[in-house]
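Asker: Generate coordinates for the sequence data below:
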Amino acid sequence: MRDFRDARAMAHVLRTALAENGLKITISQSLELIAKLFGVADWNTLAAAIRAEVHPPRNDSFPPPHPSAKSDRALPFSADLLAALHRASAHADYRKHKWTTLEHLLLALVDDVDASEVMKVCDVDLGALKDNLVGYIDNKLKIIARVTDDGGETRPTAGFQRAVQRAMIHAQELGRRAVTGAELLVGIFPETESPAAHLLSEHHMTREGAVNFIVRGIAKGSGDAAV
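Answerer: Numbering: from 1, shown residues only. Down below sits the predicted model:
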């Protein structure tokens, strides 16, 4: 039985079937239709998910879990966060970018259940943010990230790794059982020179607002002081 990993083959079958019934569409249109059938925004997003499933990044692509100050045991990543990290790598790999950046990461976090909840509470328009990120990645970042020419795997930037480390520490301080996308979202803000942080600011989101909701469940505009 076919699943989303067979999406490209399904698109060709769909296009052929429609043509036999007198309806001609391009392969690009067929791919977009298949993406919609799987409940995905567009073909690029579905293709990134396929690449993450078929070619998951190596375990050493991301920083190791940070041991707790109260225990020698490492704090694990949640299943949703691991999926988001893989999506970020897949977004870069699909575009043949040499580096997985904070912008690839933020794009992945838009579809993360924990991070997206924080962003929505902070009044971020997720659709608009995703459009902004895709536009930047496809039109500007490719000049900086460079295209891989040796078949090697994409690697996280130093800023990406710092954000992950901050998320680990933040989750420990909050007494969490696992690191989630919410903590990783907060970890992006200190990278003040990154376009990812600038885009969050342009969407009127602040680190204080995110932390208030994560720690105390206080939504934006409640009037309470920041943590």
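Asker: And the residue nearest the centre of this protein?
Answerer: Compute the mean C-alpha point of the chain, and by Cα atoms, centre = their mean the closest residue is A108, 0.9 Å away.
Asker: ok, that residue - contacts?
Answerer: A84, L85, R87, A88, H91 (Cβ atoms under 8 Å, 6 or more residues apart in numbering). Where C-beta positions appear, they are placed from N, C-alpha and C, glycine not excepted.
Asker: Quick one: those as JSON lines, columns for distance to A128 and secondary structure too.
Answerer: Below are the contacts of A108 laid out as JSON lines (distance: Cβ to Cβ, whole Å; DSSP: H, G, I helix; E, B strand; the rest coil):
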{"residue": "A84", "distance to A128": "20", "secondary structure": "helix"}
{"residue": "L85", "distance to A128": "24", "secondary structure": "helix"}
{"residue": "R87", "distance to A128": "19", "secondary structure": "helix"}
{"residue": "A88", "distance to A128": "20", "secondary structure": "helix"}
{"residue": "H91", "distance to A128": "18", "secondary structure": "helix"}
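Asker: now the residues you listed in JSON lines, with pLDDT?
Answerer: Shown next, in JSON lines, are the contacts of A108 (pLDDT from 0 to 100):
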{"residue": "A84", "pLDDT": "92"}
{"residue": "L85", "pLDDT": "90"}
{"residue": "R87", "pLDDT": "91"}
{"residue": "A88", "pLDDT": "91"}
{"residue": "H91", "pLDDT": "89"}
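Asker: and of the residues you listed, the nearest to M168?
Answerer: When the contacts of A108 are ranked by distance to M168 (Cβ to Cβ), L85 comes first, at 12.4 Å.
Asker: Roughly how far does that closest one sit from N139?
Answerer: Here L85 is placed at a distance of 24 Å from N139 (Cβ to Cβ, to the nearest Å).
Asker: Show me which of those two is the more surrounded one.
Answerer: L85 (26 against 9; other Cβ atoms under 10 Å).
Asker: okay but that one is in contact with F77, surely?
Answerer: Yes - here L85 reaches F77: they are 7.2 Å apart, a contact under Cβ atoms under 8 Å.
Asker: all helices for this structure, in order.
Answerer: Along the chain, the stretches classed as helices by DSSP state H are 7-20, 27-37, 43-54, 79-94, 102-109, 113-121, 126-136, 142-145, 158-173, 181-188, 195-202, 207-216.
Asker: For stretch 110-129, which outside residues touch it?
Answerer: 45, 78, 80-81, 83-84, 87, 106, 109, 130, 133, 180-182, 184-185, 199-200, 203-206, 209-210, 213-214, 219-221.
Asker: now those: which count as buried?
Answerer: Buried by 16 or more other Cβ atoms under 10 Å: 45, 78, 80-81, 83-84, 87, 106, 109, 130, 133, 180-182, 184-185, 199-200, 203, 205, 209-210, 213-214, 220, out of those.
Asker: Contact partners for E173?
Answerer: So E173 contacts nothing (Cβ under 8 Å, 6+ apart).
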